[in-house]
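Novice: With the sequence up front, the predicted model follows.
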Amino acid sequence: VMIRGGKGGAKTAVSGLRFESRVAMKNLLASLPGYKIKDEVVYFKNEKVAEFYGKNKLYKNLLEANNIDYSQIISKKLLPDEAILILAGKTLYIIEIKFQEVAGSVDEKLQTCDFKNKQYKKLLAPLGIMVKYVYILNDWFKKEEYKDVLKYVETVGCYYFFYELPLDFLGLPQPNK
């Protein structure tokens with residue numbers, strides 16, 4: 001059940017991660033039947049399916065661990081709110097949670113996804129890891145004035161969802177299947 005464009009369904013609790021606020025993705029995933037998280041590693045029915053690399057862990061636990069010096073590839077560290085590496089598809093999902101209540105700088109931040117997406121792709125190319133840059137948004141961004149920005153996010157190859165991140169989008173197993 002995709003929430004992109006504001007459509008949702010009755011089964012959202014089981015088919016995706018529901019962000020009611022800026023809650024850690026790890027906690028949402030751990031609350032689903034069959035999922036367990038131990039030391040940044042995600043297990044589904046005791047099978048390792050993903051790893052978390054939020055903030056500085058991306059550099060320390062993934063890049064440095066593979067002898068990659070980020071400064072030789074990009075000029076400045078980017079620190080993702082959340083980052084989850086799905087092992088099956090060898091794809092790192094950069095998840096940025098943008099919940100806005102009043103007009104402000106978040107408006108412009110959505111427009112930076114193209115640059116950041118390209119930077120992350122450059123950074124992870126030596127490891128053969130693909131990147132998908134995703135925003136989780138609240139209703140604030142459903143306003144008519146964000147139509148152009150949301151269209152831009154899509155046209156540059158980034159993604160957005162309202163409140164929910166579908167497990168099938170991430171390539172993670174669904175507990176009810």
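Specialist: That came through, no problem. Numbering: from 1, shown residues only.
Novice: what's the spacing between the residue positioned nearest the centre of the chain and residue 53?
Specialist: When CA atoms, centre = their mean is applied to the chain, the residue found nearest the centroid is residue 95 (2.3 Å). Separation of residue 95 from residue 53 (CB to CB, to the nearest Å): 11 Å. Backbone N, C-alpha and C define where each C-beta goes, glycine included.
Novice: With residue 138 instead?
Specialist: Distance from residue 138 to residue 53, by CB to CB: 24 Å.
Novice: between those two, which one's more packed in?
Specialist: Ranked by neighbour count (other CB atoms under 10 Å), residue 138 and residue 53 place residue 53 first, with 22 against 17.
Novice: What does the closest residue to that one other than its chain neighbours show for phi and psi?
Specialist: Distances taken as CB to CB, 6 or more residues apart in numbering put residue 83 closest to residue 53, at 4.3 Å, once the chain neighbours are dropped. Note on residue 83: its backbone torsions stand at phi -150, psi 130 [degrees, to the nearest 10].
Novice: I'd say residue 119 and residue 77 touch.
Specialist: No: using CB atoms under 8 Å as the test, residue 119 is too far from residue 77 to be in contact (9.7 Å).
Novice: neighbour count winner among those two?
Specialist: residue 119 (21 against 13).
Novice: ok, how many other residues are close to residue 145?
Specialist: 9.
Novice: separation between it and residue 110?
Specialist: On the measure of CB to CB, residue 145 and residue 110 end up 12 Å apart.
Novice: Next: residue 93.
Specialist: Distance from residue 93 to residue 110, by CB to CB: 17 Å.
Novice: How about residue 143?
Specialist: For residue 143, the distance to residue 110 - CB to CB - is 13 Å.
Novice: The two: who's more crowded?
Specialist: Higher neighbour count among residue 143 and residue 110: residue 110, with 20 against 10, using other CB under 10 Å.
Novice: Okay, strands next: where are they in this protein?
Specialist: Secondary structure of the chain by DSSP state E: the strands cover 16-18, 35-38, 41-44, 47-52, 82-86, 91-98, 130-137, 159-162, 164-166.
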